Structure formats: structure tokens, C-alpha cells
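Undergrad: From the sequence below, what's the structure:
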Amino acid sequence: KTKHTMASKLFRGIRVFLPEQNMSLVRPSKHMEKTALFRVDIKMNKFEIKDYLKSIYGVPVESVNTKIVLGKTKVDRRTRKKKKRPDYKLAYVTLFEDFEFPESMFPETHDEDLTPLNDEK
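TA: Now for the predicted structure:
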């Protein structure tokens, strides 16, 4: 006999499918009208990216273009060993509607904000 925990008794027969891949919204270097830029898992293909955005977020996608970016290689001056950052994939997702990067999520800091608090009198 197997012992069932309380959680397994409560959720018996309920299937929950969570995404196994991660997608991160990336700020593009230049403004693109209807395009959003995502950093995705290197194993994801165009069809999976389109289906992910449609099923999880309900965003209609017109097209998806992908690009694999090779990680930078640096040489340690002291030991002269090469260190390589991991490769990653960028997905350029074209939407049916205009897309603007949400600036409110990433406020820019100003020099006045960086003054130390103990200088105030």
C-alpha cells in the first residue's frame, strides 16, 4: 500500500500543466512598432513560442523570428583560462497590435535620487 498525503488526496484527478520554459521580456536597443523582444530557452522553437504566448497570456501573435546569440568568451589574465558565458536565444515576436515597452516597470534613476540620506539636515 502507498500512503497518500493530504495534498494528494485533495488534488487527486486534477492535472495542472505549468510551463517548463522561461520567457523574459527584453528592452530592445531601438524602437520597433509591433515587435516585442523576448529571451527564451534555447530549446524552444517558433511554434512553441507562439503557442506559449497565446495560451498563457492570450496574446495573438502574427509571426516569430528567432536568433541564437553566442555567449561571450573571456580570458582570465591571471590563469589564462577561457571562460565562456552560456548561449541564449532571442525571439522577435511580431504582434497584430502596436507594442510599447512598459517603462513604468523599469524607472530610470536620476542623480538626485542617489544622494545619501544622512546629508539631509
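Undergrad: alpha carbons only for contacts and neighbour counts from here, please
TA: Noted.
Undergrad: What about residue 102, how many residues nearby?
TA: Per other CA atoms under 10 Å, the neighbour tally for residue 102 reads 10.
Undergrad: For the closest residue to residue 66 other than its chain neighbours, grab phi and psi.
TA: Spatial nearest neighbour of residue 66, excluding adjacent residues (CA to CA, 6 or more residues apart in numbering): residue 91 at 4.4 Å. Residue 91 has phi and psi values of phi -120, psi 120 when expressed as degrees, to the nearest 10.
Undergrad: so where is this structure shaky, pLDDT-wise?
TA: Residues of the chain meeting the criterion pLDDT under 70: 1-19, 101, 105-121.
Undergrad: Okay, strands next: where are they in it?
TA: 23-26, 35-40, 61-69, 73-75, 82-84, 88-95 (DSSP state E).
Undergrad: Out of the ones you listed, flag the one nearest residue 46.
TA: Nearest to residue 46 among the strands of the chain is strand 61-69; the distance by CA to CA comes to 5.9 Å.
Undergrad: Give me the angle between that closest one and strand 35-40.
TA: Angle of strand 61-69 versus strand 35-40, following axes from the mean of the first three to the mean of the last three CA atoms, to 10 degrees, is 50 degrees.
Undergrad: Quick check: buried residues in strand 61-69?
TA: Within strand 61-69, the residues that qualify as buried by neighbour count (16 or more other CA atoms under 10 Å) are 61, 64, 66.
Undergrad: can you tell me which residues contact the second one?
TA: Residue 64 makes contact with 46, 49, 50, 91, 92, 93, 94 under the criterion CA atoms under 8 Å, 6 or more residues apart in numbering.
Undergrad: residue boundaries of the helices in the chain?
TA: Ranges of helices within the chain are 6-10, 46-52, based on DSSP state H.
Undergrad: List the buried residues for the last one?
TA: Judged by neighbour count using 16+ other CA under 10 Å, the buried positions of helix 46-52 are 49, 50, 52.
Undergrad: Out of those residues, flag the one nearest to residue 83.
TA: The closest of these to residue 83 turns out to be residue 49 (CA to CA; 30.1 Å).
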